[in-house]
Each structure stands twice: as structure tokens, then as C-alpha cells.
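Participant: the sequence and its predicted three-dimensional model are supplied below.
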Amino acid sequence: MSNAHSGKEVCRLLERKGWVLRRIKGSHRIYSKSGERWIITVPVHGNQSLKSGLCRAILRMAGIEE
């Protein structure tokens, strides 16, 4: 997986892996998943790409291999 993903793309990927959108606060979407100890917050600013470190950290927390 390349590092240039928008917040919307990361949200779609999380949802395919079973994460559920719990709420939206401003431009941030907050996800949780039953059995996981994390909540994951994804900033969504149009189609702007997330920085590579943030994208990697979100995917790692979600248990998604890059």
C-alpha cells in the first residue's frame, strides 16, 4: 500500500475491515470496532492526502498490513 492515501480512502479501508463509524466531529471521523481496545480518529480534509507517518500509524492501530 502506498503512503499517499486521502482520509476518505483510509475510512473506506477501515470500514471494509469491520471498523464502524461512531461519530464525526468537525473534519475528523471516529471509528471503533468490537473487541479492539483502540478508537481511531481519521482527519478528512476533502481529497487531501494524509501524511505518510499518520497513515502508517492509523493502519498499524487498525491491524492492517501496508
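Facilitator: Nice, I can see it.
Participant: all the strands of this structure, in order from the start?
Facilitator: For the chain, applying DSSP state E gives strands covering 20-25, 28-32, 39-43.
Participant: contacts for the first one, please.
Facilitator: Spelled out, that is strand 20-25. C11, E15, R29, I30, Y31, S32, K33, I39 (Cβ atoms under 8 Å, 6 or more residues apart in numbering). All C-beta spots, glycine's among them, are computed from the backbone N, C-alpha and C.
Participant: swap in the last one?
Facilitator: The list of residues contacting strand 39-43 from outside it, by Cβ under 8 Å, 6+ apart, reads 7, 10-11, 14, 19, 22, 27-32, 50, 54, 58, 61-62.
Participant: mark which of the residues you listed are buried, thanks.
Facilitator: G7, V10, C11, L14, W19, R29, Y31, L50, L54, I58, M61, A62 (16 or more other Cβ atoms under 10 Å).
Participant: circling back to that earlier point, turn the contacts of strand 20-25 into CSV, columns for pLDDT and distance to G46.
Facilitator: CSV is the format used below for the contacts of strand 20-25 (pLDDT from 0 to 100; distance: Cβ to Cβ, whole Å):
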residue, pLDDT, distance to G46
C11, 97, 13
E15, 97, 19
R29, 98, 13
I30, 98, 18
Y31, 98, 19
S32, 97, 24
K33, 96, 26
I39, 96, 23
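Participant: what's the closest of these to H45?
Facilitator: Within these, proximity to H45 (Cβ to Cβ) peaks at R29, which comes in at 11.3 Å.
Participant: surely the closest one meets G7?
Facilitator: Yes. Under the criterion of Cβ atoms under 8 Å, R29 makes contact with G7 at 7.4 Å.
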